[in-house]
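K.L.:
Sequence and computational prediction follow.
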Amino acid sequence: MIILDIETSSADPYNGSLLSIWAVEFENPRNQFYGECKAYEWADIQERALEVNWFTIEQVTDRTKQTVLDLIYNFMQWSNKINDRTIWWHNVWYFDLRFIEENANKMGLVNNFWLLNWNYRTLDLHTIAYSYLIKNKIEIPMKNNQSSLNLDYVLWLVWLPMEPRPHNGLNWAKYEAEAFSRFLYWKKLLPEFEKYDLPENFNF
């Protein structure tokens with residue numbers, strides 16, 4: 001299975017550009033992918049997005065970086081070597097996969113994008129954590145009459161610290177991978193988190 005994170009130039013998958021992709025094979029966490037690219041020429045670049053992902057204008061317009069097309073192709077080549085390409089993430093289909101798909105379409109990969117062999121079935125950390133709270137009769141945090149279960153709260157449930165600020169896609173993906181392992185297998189995954197104990201009396 002593949003745990004995925006991306007950084008983008010805006011929150012709009014139809015007008016924004018990919019800036020980076022990070023992924024790890026869950027069953028073999030040493031198998032990781034990371035790549036950065038320059039934003040495509042007509043992309044919307046929002047200051048707020050750069051504040052979140054910590055890229056600068058100079059970095060996202062650096063002509064020496066690979067193109068969006070090259071980044072997607074390199075990621076496709078990496079992921080196609082993995083037997084189980086089911087994607088895991090936190091609301092992955094709503095943002096990450098849609099963003100990659102829209103950028104692939106803009107780059108002329110309409111017919112080739114699905115060589116990734118992805119489908120609409122994904123695994124979602126929000127759903128797993130939500131189910132855990134229901135089973136253990138723990139109140140679900142709400143905002144505007146719907147779940148506000150964010151990543152920091154999910155990490156807290158499995159005794160992991162908050163993601164360091166400023167946000168970094170590489171860090172975020174590692175934190176999510178570790179959280180998945182602890183929820184599903186009550187098992188540590190990555191050496192970076194070895195010092196953090198597993199939850200006691202974990203009932204999932």
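P.N.:
In hand now; what should we look at?
K.L.:
Can you give me the separation between the nearest residue to residue 8 once chain neighbours are set aside and residue 54?
P.N.:
The shortest distance from residue 8 to any non-neighbouring residue, by CB to CB, 6 or more residues apart in numbering, is to residue 16 (4.8 Å). The C-beta positions use only the backbone N, C-alpha and C, and glycine is treated the same way. Shown here: residue 16 relative to residue 54, a distance of 16 Å by CB to CB, to the nearest Å.
K.L.:
quick one, which of the two is more surrounded?
P.N.:
Neighbours were counted for residue 16 and for residue 54 using other CB atoms under 10 Å; residue 16 has more, 21 against 13.
K.L.:
and the more buried one, what does it touch?
P.N.:
8-10, 43-46, 49, 99 (CB atoms under 8 Å, 6 or more residues apart in numbering).
K.L.:
Likewise for residue 9?
P.N.:
16-19, 39, 43-46, 49-50, 60.
K.L.:
Just the ones of the residues you listed in strands?
P.N.:
18-19 (DSSP state E).
K.L.:
Please indicate which of the contacts of residue 9 has the highest neighbour count?
P.N.:
Going by other CB under 10 Å, residue 18 tops the contacts of residue 9 with 31 neighbours.
K.L.:
Quickly list what that residue is bridged to.
P.N.:
Applying DSSP bridges to residue 18 gives these bridge partners: residue 8.
K.L.:
what's the lengthiest helix in the chain packed up against?
P.N.:
Selection of the longest helix in the chain by residue count, based on DSSP state H, yields helix 169-185. Judged by 3 or more CB pairs under 8 Å, 6 or more residues apart in numbering; DSSP states H and E, helix 169-185 is in contact with strand 2-8, strand 18-25, strand 87-89, helix 125-135, helix 151-157.
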